[in-house]
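A.B. asks: Give the three-dimensional model of this entry:
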Amino acid sequence: MPSPPTGSDPKPHSPRILGLDVGSKTIGLAVSDPLGITAQGLETIRRQNKRLDFEQLDRVIREYQVTEIVVGLPLRMSGAEGIQAEKMQGFAEQLRQRFQGPVHLWDERLSSAQANRVLRDSEMSIKRRGEVVDRLAAVLILQSWMDHREMKQNSQSPPA
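C.D. replies: Coordinates of the predicted model:
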């Protein structure tokens, strides 16, 4: 039986984008599909301390060969930044220091409310909703960012 060529990976991954919904107790995670079109939720991280949180994020970044990160920025409804937004600015800066690719902040004002509304409409149990709301919020943040980027790229490309 011939062996696989040297250096081949049995499960090749395309570079991905990681979306984060960072809270005080959990970090919701989502990753783009290989083509960068759709966002899929990953297992939520239960926060413990900064070192362990970043170790878990490092594992996800390596596993999915993440090249960009999008962090939800919790702005006030007026668009102004408050204490939580300042915390996310700091979190994003820590990511930038550890991670080689770009780290983007993206307005997440309505992502958690939208996630809760979607889950409420799904007739999922309250307990299960609590388990997946952070993941869905991360999916909504990442999907919104990717859709915006695609729209922006399409508006800048010359007509065919």
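A.B. asks: For the residue nearest to R98 when sequence neighbours are not counted, what are phi and psi?
C.D. replies: For R98, ignoring the flanking residues on the chain, the nearest one in space by Cβ to Cβ, 6 or more residues apart in numbering is F54 at 6.3 Å. For every residue, glycine as well, the C-beta is placed using N, CA and C. Main-chain torsions, F54, degrees, to the nearest 10: phi -70, psi -30.
A.B. asks: Repeat that for G23.
C.D. replies: Torsion angles, degrees, to the nearest 10, at G23: phi -120, psi -180.
A.B. asks: from memory it sits against D134, does it?
C.D. replies: Yes: applying Cβ atoms under 8 Å, one finds G23 in contact with D134, separated by 6.5 Å.
A.B. asks: Neighbour count for those two, which is higher?
C.D. replies: D134 (25 against 17; other Cβ atoms under 10 Å).
A.B. asks: residues in contact with that one?
C.D. replies: 21, 23, 26-28, 44 (Cβ atoms under 8 Å, 6 or more residues apart in numbering).
A.B. asks: in what helix or strand does the spatially most central residue of the chain lie?
C.D. replies: The residue lying closest to the centre of the chain (Cα atoms, centre = their mean) is G19, at 0.8 Å. Per DSSP states H and E: G19 is located in strand 16-22.
A.B. asks: how about the helices in this protein?
C.D. replies: 50-63, 83-98, 111-121, 126-156 (DSSP state H).
A.B. asks: Where among those is average confidence lowest?
C.D. replies: Mean pLDDT is lowest for helix 111-121 out of the helices of the chain, coming in at a mean of 76.
A.B. asks: picking that back up, for the residue nearest to R98, give its distance to P74.
C.D. replies: Note on F54: its distance to P74, by Cβ to Cβ, to the nearest Å, is 20 Å.
A.B. asks: For S32, give me its contacts.
C.D. replies: S32 neighbours (Cβ under 8 Å, 6+ apart): 16-19, 38-40, 142, 146.
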